[in-house]
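Kindly return the folded structure for what I paste below:
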Amino acid sequence: MKKRRLLIQIGLLISLIFVIMLYLSENYILSRSQKLFLEAKNEMINKNLDSVEKSIREYSEKEFIDYIVEHADELDFDPYSEEYSDRLVELLSSNSDYKDAISKLKTLQGTDKTLFACVCRRLMVEGMGFSLNDSQCSNLACYVPLDDNHLFCLGSVYNNPFTEVTDEEYEDYYDNGFGIVSEFDWKNVPGLSAAVEKKRGETVFNKFDTEGSDAVYSGFRPMFDKAGNFTCLLYVEYDWSNVYSELISNLRQKVTRDFLIAIIVAVTMILVFVYLVALRPLRKVKKTLDVYMKNKDTDEVENELVGFKCKNEVGALADGVVEFAREIEQFTADNIMLAAEESKVQTELDLASSIQREALIEDFPKHERFEVYATMTPAKAVGGDFYDVFELSDHRICFVIADVSGKGLPAALMMMAAMTSIRNLATTMNAPSEVLVKLNEKLCSRRVMDMFVTVWIGILDLKTGILTTSNAGHEYPAINSNGKYELFKDKHSLVVGGMSGVKYFDHEIQLKKGDRVFVYTDGVPEATNADVKMFGDERMIEALNIEPLAEPEKVLKNVKKVVDDFVGEAEQFDDLTMMCIKYNG
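Down below sits the predicted model:
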C-alpha cells in the first residue's frame, strides 16, 4: 500500500510539473503563433496593396486623382445618368479600352474630362474591392492628404475607419458624393510620418482599438509620383479580434490536447521507470530486512544483497543494509561479552558488598557509662568505608571510623585487612598514634595497589572520661561539650598506606557527663545536589544542632534526613558513614 502511495505522489508531482510546462509552453506557442500570424497577414496585405497601387498608377499616374480633388466643387452631376452614359459610349468608341481613353485625360475638356475622372475613380474602387475580397480585410481605402489634419477619401470599400466631420471649408465635398473629408492626424501614426519624410513607399502596420471593435490591425502605405511628391495614402483595415481569438482558441485546444497526451505517456513511462529502478529493488531490500528481523541471519542478507544489480542509491542502500547487518552481528557479540564482563563485575560487587556488610557490627556494646550508634549508607558502587567499636579492657573502649580509597572488591578487601589489623594492633598498643604507625608500616610494606586509608581512632577511658584520638588524614570530629556541636580541628597526619615513616599524634579530650562526639567520612560534607553544590561542614553542624542533646541514633537520623533533602534526586557518589558517641560519666 505504501508503494502505491509513493507512486501516486510521484505521479502527482510529475503531473504538476507538466501542467506548469504546459502553461509556459502554451504562452510561448501562442505568442510565437501571433507573431507568425501577423507576419503572414502583413505579407498578404502587402501583396494586395501592391495590386491596388499598381492599378492606381495604371490610370494616368494619378492625374484623375488630382483632377477630382481640385475640381470637386464642379462635380455636381450624376456620372451614371443616361446622358453621360451615352457620352461615355461615344468617347470610348474610338478607344480600345479604358486605359487608352484615360491616357487622353489631359486632352479632354469640360464634362468629358470630369466623366473620365469619375470612370477612373470607379475602376480604382472596383480594383480595391477585388483586393479586399482576396485579403479578407474589413476595409480598404485611398486617401489624399489635404493638410496635416484632414484626408480626402477618394475611394473606400466597405468601411471608413475615420470619424466624419462637417467642416464648412470642405462642406461641398459631402454634397457631390465623390469623396468624404475626414479629420485625421496622419502625421502621428507611428512610423508613417518617417516613411513620408524619407519617401519610402512601404507599409506601416499598427494595432489599435477603435469604437465598437476590440482590436483593429491596420496598414498605411504612402504613394509618391515620379517626382517623389507624396500623392495619396492607401489604408487597409483588418478586424483582428475575431479571427485571432478563433485562431488562438483552436490552437489552445490543440496544444492542450497534445500536452495531455504527452503528460499521460510521460507519467506512465516515468512511473514504470521508478518502479523498475527503485520500488521493485526496494521491495527486495525490505523483504530481506523482514527475514533478517525474524532470524537474524547475516549470511542470508549477504547472499541476497551482495552484488546488488542496481547501480544507484538503491544499490548503495542494499550495501548499507549488508554492512548494517554485519555491524549488528558484531555489536551483538560484543554485547554478549560485555554482559559477561558486567556479570563478573556485578558478582564482585555483590561479594564486596557482602564483605562490607558482614564486617560492620550491628550490635553495639551496652554500657552504663557510654552509648554509641553508627550507620553506613553505601553508594551504588561498593566503597571502602567502615566503622568499628570494641573493648580493649573493662574500662577502655576503642572507636574506629575509616575510608579506604577506591571502589569495588579491592576496596572491600583493603577495608577488611585494615579493620583486622587495627583490631589486632589496638589490643597490644597503648595509644592510637602507635596503632596508626604500625598500621602504616604494615600497609606500606605489603602495598600492591595504589590504595590508602583515612582513619580516625579514639580510645575512651570510661573511668576518667578522657578520649585519646589520632587522625590519619580523616575528617575533623564534631564535639558537643557545651550544649551544641562544634568542629574539633585536631592535627592531621598523612593517610595510612600512603608513605612509610609517617609520624602520628595523639590528642586528649576530656569528656564530661552528657558530652557527645560525632565522627563521619567525607561522604557527608561532600554529598552533592543536582546543582553540583556540596553539603559542606556548615550544613552538617546545623543538622547536628537541630537536636543537639538527642540520643546518638536520633542525631544520625537528623543528619541523614537533612543530607537527603539537600541532595534530592541527585545520585549518591560516595558512602555515607557516621558514628555518634555519648559519654554518660
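
Was I right to think Gly546 contacts Val562?
Just so we're on the same page, residue 546 is Ile rather than Gly. Yes. Using C-beta atoms under 8 Å, Ile546 makes contact with Val562 at a distance of 7.5 Å. The C-beta positions use only the backbone N, C-alpha and C, and glycine is treated the same way.

the more surrounded of those two?
Val562 (18 against 13; other C-beta atoms under 10 Å).

Thr111 in helix, strand or coil?
Of the three states, Thr111 takes helix under DSSP: H, G, I helix; E, B strand; the rest coil.

for the record, mean pLDDT for stretch 531-540?
Stretch 531-540 shows a mean pLDDT of 94.

Buried ones in that stretch, by neighbour count?
Within stretch 531-540, the residues that count as buried by 16 or more other C-beta atoms under 10 Å are Phe535, Arg539, Met540.

And stretch 439-457, by the same measure?
In terms of neighbour count (16+ other C-beta under 10 Å), stretch 439-457 has its buried residues at Leu439, Asn440, Lys442, Leu443, Cys444, Met451, Phe452, Val453, Thr454, Val455, Trp456, Ile457.

Closest to Lys484 out of the buried residues of stretch 531-540?
Using C-beta to C-beta, Met540 comes nearest to Lys484 of the buried residues of stretch 531-540, at 13.0 Å.

just for the stretch 451-585 of the chain, where's the confidence low?
For the stretch 451-585 of the chain, no stretch has pLDDT under 70.

For it, which segments are assigned as strands?
Ranges of strands within the stretch 451-585 of the chain are 453-461, 466-472, 478-480, 485-487, 507-510, 516-520, 576-583, based on DSSP state E, counting those that start in this stretch.

Ok, which of these comes nearest Phe331?
Comparison of the strands of the stretch 451-585 of the chain against Phe331 by C-beta to C-beta identifies strand 576-583 as nearest, at 38.1 Å.

Nearest to Leu392 among the buried residues of stretch 439-457?
Ranked by distance to Leu392 (C-beta to C-beta), the buried residues of stretch 439-457 are led by Ile457 at 11.2 Å.

which ones are touching the nearest residue to the closest one once chain neighbours are set aside?
Spatially, and ignoring its direct neighbours in sequence, Ile457 is nearest to Pro432 (3.9 Å; C-beta to C-beta, 6 or more residues apart in numbering). Contacts of Pro432 were listed using C-beta atoms under 8 Å, 6 or more residues apart in numbering, and they are Ala426, Ile457, Gly458, Ile459, Thr468, Thr469, Ser470, Tyr504, Asp506.

Export these as JSON lines, with columns for distance to Thr111.
Output for these, formatted as JSON lines (distance: C-beta to C-beta, whole Å):
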{"residue": "Ala426", "distance to Thr111": "166"}
{"residue": "Ile457", "distance to Thr111": "161"}
{"residue": "Gly458", "distance to Thr111": "161"}
{"residue": "Ile459", "distance to Thr111": "167"}
{"residue": "Thr468", "distance to Thr111": "167"}
{"residue": "Thr469", "distance to Thr111": "161"}
{"residue": "Ser470", "distance to Thr111": "161"}
{"residue": "Tyr504", "distance to Thr111": "161"}
{"residue": "Asp506", "distance to Thr111": "165"}
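
Closest one to Val517 out of these, please.
Distances from Val517 to these, taken by C-beta to C-beta, are shortest for Gly458, at 7.0 Å.

Now that that closest one has come up, it's in contact with Phe518, right?
No. Assessed by C-beta under 8 Å, Gly458 is found out of contact with Phe518, at 11.5 Å.

Burial check on Val181, number of neighbours?
Using other C-beta under 10 Å, Val181 is surrounded by 24 other residues.

So it: helix, strand or coil?
Using three-state DSSP, the three-state assignment for Val181 comes out as strand.

Looking at it now. What's its pLDDT?
For Val181, the pLDDT comes out at 73.

Run through the bridge partners of it.
Phe152 (DSSP bridges).

Equivalent analysis for Asn480, please.
Here Asn480 sits in beta bridges with Tyr485, Arg516, as judged by DSSP bridges.

repeat for Gly384
Counting by DSSP bridges, Gly384 is bridged to Val404.

Could you tell me how many residues sit around Lys226?
By the measure other C-beta under 10 Å, the count of residues near Lys226 is 7.

helix/strand/coil for it?
At Lys226 the chain is in coil, as set by three-state DSSP.

Good, wrapping up.
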